[in-house]
Each structure stands twice: as structure tokens, then as C-alpha cells.
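Asks: A structural model of the following input is requested.
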Amino acid sequence: MQPSYFIGVDIGTQGARVVLVNQNGIMVGSKEESFPLNNQSREEQSPELWWSSCLTSLRALCYELKPVIDLSHVRAIAVTSTSGTIIPLDKSNRPLHAAIMYSDPRSVQEARLCKAAASTSGSMGFTAFNASCGLSKMVWFVNNFPEKASQLGMFIHAADYITGQLSGNFKVTDYTNALKSGYDIVQLQWPDFITKALPIKPEWLQEVVPTGVSVGCLKSELAEQLGLSDKIIITAGVTDGCASQVASGAVKPGDWNTTIGTTLVIKGVTAKEVKDPTGVLYCHRHPEGYWMPGGASNTGADWVSRLFGQSDLNEINAAAAKLIPTGLLAWPLLQQGERFPFVAPDAQGFAPEELSEAELFTAYMEGVAYIERYAYERIQMLSGETIHQVYTAGGASNSDAWLTIRSNVLGVPVYKMQSVSGAAGAAILAASKTYYTSLSEAAGNMVQVQKIETPDKDLVDQYDQTYTQFINTLKLKGYIPE
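Replies: As a prediction, the model looks like this:
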């Protein structure tokens, strides 16, 4: 049987990555480009730069693989990117402004307006708006740039921009990207409060379709440049957290995934919607009708590159393996404020003074694991379901020491998958409706377990004590309620 191939594109905060996998999930090739970051990169980035980096990576990948495989067997492409990032386009689909990043905190006041409008309307959809949500950023843009708002064609999401460049169709987004822009995934419609209580026009909102369905084919001029077929299907995209969830194989009810990249993202699959009265935990809509509850933290692994970027990570991880458990209390929150698994706008990270480099690195890994455990305890309380194992993805899963820490802090096995990137998840999504019949079938055939880390009772007991101290510290600081 002739092989089939699928391309996944991931536009992350720090760079673009493109992968090509076959129908069995085997990685055939990958390319990536880093973005030149600056102090404004957490607030705004250039979508044109994203596309340039993506296209450069695609060209390099196709050039490298042309002598190796038959590129005419590439069937589909899907794109993933950050959740909550918004781009205002003019009527010719050109950016009117830089992409307003998910991590941009400037729309705090607009978030309150969105939350109040949603609550008053009685909407059954997402109502826990904060500054990281797309709708908050839309309102912020309209309020702060009225002269540009008059030229608006539509608001789109980060993944949609690359999908549009590939297919020419900018008008469509998917369930996962639309959620934080206010789309009601229960009623499957844009609720009235968005256009009646907020300064948003109906024509600025995209059509919303299930994740992974076709939105068009690869533009012929691009197909010619890349040596690909212009019959390649471009599918609706997916947010980065959900893409990593797919890459981990956590796509069936009862499955749970933690992705630790720049931020920590937890996603799962349940048969019923999980409702959180505080809005900290929210649900995406699974393309097969299930629910995908979860949340994204401001805590993650960004501290590794920012604080230890000049260090030998192999050496420091080897040292960390000998130090655990440290018994230290540290939290590597680099920005002010936390959003998941609790909301604390004034929260600040902390660590003991005068630690060695290895001690601080290890204590920070443990601190992230404590945040992960608190999140799962909250999920179990709200869902009534017991979490028996965790699938994992993201750059942090490449650290064996961190996997050991997390398994013992959580007290459950942690499954590291073979291809853990968001780009791999996007490639699986690309195959889910173009080669397989569903996302569950695609993941079942394309995801392989690389390693299982199981907890050790003695370490679990020691971490239980330090975890209790960590949570008590957060309570004393007023970050989480007593």
C-alpha cells in the first residue's frame, strides 16, 4: 500500500515548526525557525513574520524530502497556534495591526466588560473572560484604535492566519480557537451579547466549524513553489494546548494530558461538560461531540530558557536527578498574576535565596509539578472522576528528572509519547478526517508511547509533605483561598 503523509504546522510564541509524518505517525522530517524576540513579544508579534518563517520551513522540508519520498502523497495540512491571540484584518485580509498576543495583559478592563455582558445575557457558553481571551482583545483593539476599526474586515486567530495563507480562506475558524472569543460551543453559535452589548460587529466574526474539517485546498501558487499537489486539503486548525493533547493520545473519555511548554496546559476528555463556577476550568468541544475540559497556567517552562539559557541542560538535569526531592519551596512564575488552576492577579513567584544553580533548577521543576497537582485535584473535585494516569507532551517532557518529579508529586504514572510536539498533534488532526474517519481513530494509529514513569512510594510520601507546605504558602500569601 502506498504511504500517505500529513503536515503539521505549529506557530509558537518563540518560533515556527513544521513536521511531516506518515499515516502511522512516524516522523519523516521536520524544520523550525526561531523568532527574534524582544520585550514587546509577549504583547504583540508580527503575523507576516510568522508566515515568512512558516514558508521558509515548508520550503526547506519539501526540498529535503523530495529525493526521499513521493511528495504527491501528502494529503493534508493543519495548523496550531496560541489560544487567545487575535489579529485584526482589513477587507483584503491584510493585518491592520500586529497580532495581539494571548499573554498581553492590557485588556484587563475590557475583560471585565466581556464577563459582565456574558453573565447578564445568561449565555450558556464561555463566560470567564480575562485578559488572555480573544474577545477581550477584540474590544480592546476597537476601543484603542477606532480609526483602524473603521477599516476592519474581520478578527481572526493566530492559527487562522497561517491556514488562510495556505488556503486563501480566512473566514473560517474552529471550535477550540473560537471558544475564548466568545463562541457558544453548547448552542454552536455566536451569542447575541457580543454584538449587542459590546462594540463588535457581526461581520467581524468568523464562521466556526469542528476542528479538523476541510476549509479548502493548498493554493496553486504555493503548491508549485513547494513541489506539492494543489489538491492537498487544508483543515480547520486547533489551539496549541489541544494540539499537544492530540499528540499525547489523550483523545478519548477518561484521558488526561499535561503539556508543559512556555506555559503549563492541562486538557482532558469527558463525556459530559464539566462546569466550574469560578470559570478557572473551561471546556473545549471535541470534534466527536465529547468535551475537553482544561486550562492554561502562566506557570510553565519559559523560565528554563530565560534563566538557564546559557547552562548545559543535560548536565543540570543529571544533577537534578540526584537532588530530588529537595524539600524546597519555589514557584517559577516569571510574570505577575496566575490564571490557572486559580486566579490570583497579584501572584508573584518565589524561591529561597542562595541556592546553587542545580538546586534552583530542581526546585523550580518541583514547583511546576505542585501547580500541576493542584490543578488535577481541582479537576477531580469538579468532575467527580478519578485521574489514574497522565499523558504528557511539550518540551518539559524531554527531561527525565522532571518526569520523575511529576509522577511522584502526582502519584500516578506519567506517559511520555514518541512525538510530543504541537506540530505532531496538528499532523494527526490533518489525518483525522482526510485519511481516518475520526480523531480517535487517527490518534489510535499515529501515537506511540515512548516511556512510562511510575511513582515510587517513598518519593510520593516525601513529596506529599512538601506539596502541603507549598499549598499552605500560597494560602498564606492570599493567592488561593483557605
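Asks: mind listing what's buried along stretch 254-266?
Replies: For stretch 254-266, burial by neighbour count (16 or more other CB atoms under 10 Å) applies to 255, 256, 257, 258, 259, 260, 261, 262, 263, 264, 265, 266. Where C-beta positions appear, they are placed from N, C-alpha and C, glycine not excepted.
Asks: oh sorry, the question was meant for stretch 108-123
Replies: 110, 111, 113, 114, 115, 117, 118, 121, 123.
Asks: which two of the buried residues of stretch 254-266 have the greatest separation?
Replies: Maximum pairwise distance in the buried residues of stretch 254-266, criterion CB to CB, is 23.1 Å, between 255 and 262.
Asks: tell me which stretches of the stretch 301-450 of the chain form helices.
Replies: 302-308, 313-323, 357-383, 400-410, 422-432, 439-446 (DSSP state H, counting those that start in this stretch).
Asks: next one: the fourth one to chain centre, how far?
Replies: Relative to the mean C-alpha coordinate of its chain, helix 400-410 is positioned 21 Å out (CA atoms, centre = their mean, to the nearest Å).
Asks: ok, the longest one next?
Replies: Relative to the centre of its chain, helix 357-383 is centred 18 Å away, using CA atoms, centre = their mean.
Asks: what angle sits between it and helix 313-323?
Replies: Helix 357-383 runs at 70 degrees relative to helix 313-323, counting by axes from the mean of the first three to the mean of the last three CA atoms, to 10 degrees.
Asks: tell me the angle helix 357-383 makes with helix 400-410.
Replies: Using the same axes, to 10 degrees: helix 357-383 against helix 400-410 is 40 degrees.
Asks: quick check: mean pLDDT across helix 357-383?
Replies: The average pLDDT within helix 357-383 is 96.
Asks: same question, the first one
Replies: In this model, helix 302-308 has an average pLDDT of 93.
Asks: and it, what's buried?
Replies: Buried positions in helix 302-308, judged by neighbour count with 16+ other CB under 10 Å: 302, 303, 304.
Asks: check contacts around the nearest residue to residue 450 once chain neighbours are set aside.
Replies: Sequence neighbours aside, residue 418 is the residue nearest to residue 450 in space, at 4.6 Å (criterion: CB to CB, 6 or more residues apart in numbering). Contacts for residue 418 (CB atoms under 8 Å, 6 or more residues apart in numbering) come out as 25, 447, 448, 449, 450.
Asks: what does residue 209 give?
Replies: Counted by CB under 8 Å, 6+ apart, residue 209 has contacts 172, 173, 174, 175, 215, 236.
Asks: can you list phi and psi of the last one for me?
Replies: I take that to be residue 236. phi -60, psi 140 (degrees, to the nearest 10).
Asks: now do the fifth one
Replies: Dihedral angles phi and psi of residue 215 (degrees, to the nearest 10) take the values phi -120, psi 0.
Asks: so what's the residue count around it?
Replies: Look at residue 215: counted by other CB atoms under 10 Å, it has 24 neighbours.
Asks: just the third one next, same as before
Replies: Applying other CB under 10 Å, we find 31 other residues in the vicinity of residue 174.
Asks: okay, and the beta partners of it?
Replies: Beta bridges link residue 174 to residue 209, judged by DSSP bridges.
Asks: how is this protein divided into domains?
Replies: Here the domain parsing of the chain from automatic domain parsing is 5-236, 250-476.
Asks: could you dump these into JSON lines with distance to residue 242 added?
Replies: JSON lines is the format used below for the domains of the chain (distance: least, CB to CB, whole Å):
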{"stretch": "domain 5-236", "distance to residue 242": "5"}
{"stretch": "domain 250-476", "distance to residue 242": "6"}
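Asks: just checking, residue 143 touches residue 198?
Replies: No. With contact defined as CB atoms under 8 Å, residue 143 does not count as touching residue 198 (10.0 Å).
Asks: so which of these two has more stuff around it?
Replies: Using other CB under 10 Å as the criterion, residue 143 and residue 198 rank with residue 198 on top: 20 against 15.
Asks: thinking again about what came up before, mind putting the buried residues of helix 302-308 into CSV with distance to residue 5?
Replies: As requested, those are exported to CSV (distance: CB to CB, whole Å):
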residue, distance to residue 5
302, 32
303, 36
304, 32
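Asks: looking at the residues you listed, which one is closest to residue 478?
Replies: Nearest to residue 478 out of the buried residues of helix 302-308 is residue 303 (CB to CB; 22.7 Å).
Asks: give me the distance between the closest one and residue 118.
Replies: In this view, residue 303 and residue 118 are 33 Å apart by CB to CB, to the nearest Å.
Asks: next one: residue 360
Replies: 41 Å.
Asks: helix/strand/coil for residue 234?
Replies: Three-state call for residue 234 (DSSP: H, G, I helix; E, B strand; the rest coil): strand.
Asks: against residue 199, how distant is it?
Replies: The gap separating residue 234 from residue 199 is 32 Å, by CB to CB.
Asks: looking at those two, which one has more neighbours?
Replies: Taking other CB under 10 Å, residue 234 and residue 199 do not tie; residue 234 has more neighbours (26 against 16).
Asks: so the more buried one sits against residue 212, correct?
Replies: No. Residue 234 is beyond contact range of residue 212, at 11.1 Å (criterion: CB under 8 Å).
Asks: mind listing the shared neighbours of those two?
Replies: Both residue 234 and residue 212 are contacted by residue 78, under the criterion CB under 8 Å, 6+ apart.
Asks: does the closest residue to residue 13 other than its chain neighbours count as helix, strand or coil?
Replies: Setting aside the residues directly before and after it, residue 13 is nearest to residue 262 in space (CB to CB, 6+ apart), at 5.0 Å. Under the three-state scheme (three-state DSSP), residue 262 adopts coil.
Asks: how far away is residue 262 from residue 396?
Replies: For residue 262, the distance to residue 396 - CB to CB - is 10 Å.
Asks: same check on residue 163?
Replies: 28 Å.
Asks: now do residue 364
Replies: 11 Å.
Asks: do residue 187 as well
Replies: To residue 396, residue 187 is 37 Å away according to CB to CB.
Asks: who has more neighbours, the two?
Replies: Using other CB under 10 Å as the criterion, residue 187 and residue 396 rank with residue 396 on top: 22 against 11.
Asks: residue 416 is in contact with the more buried one, correct?
Replies: No. Contact criterion CB under 8 Å: residue 396 and residue 416 do not qualify, at 10.2 Å.
Asks: for my notes, confirm residue 31 occurs in a strand.
Replies: Yes. Checked against three-state DSSP, residue 31 lies within a strand.
Asks: tell me the pLDDT of it.
Replies: The model's pLDDT for residue 31 equals 97.
Asks: just give the nearest non-adjacent residue to it, would you?
Replies: Per CB to CB, 6+ apart, closest to residue 31 is residue 57, 4.1 Å.
Asks: for the helix or strand hosting that neighbour, packing partners?
Replies: Using DSSP states H and E, the element containing residue 57 is helix 47-65. Counting contacts by 3 or more CB pairs under 8 Å, 6 or more residues apart in numbering; DSSP states H and E, helix 47-65 packs against strand 5-11, strand 15-22, strand 27-34, helix 158-167, helix 220-226.
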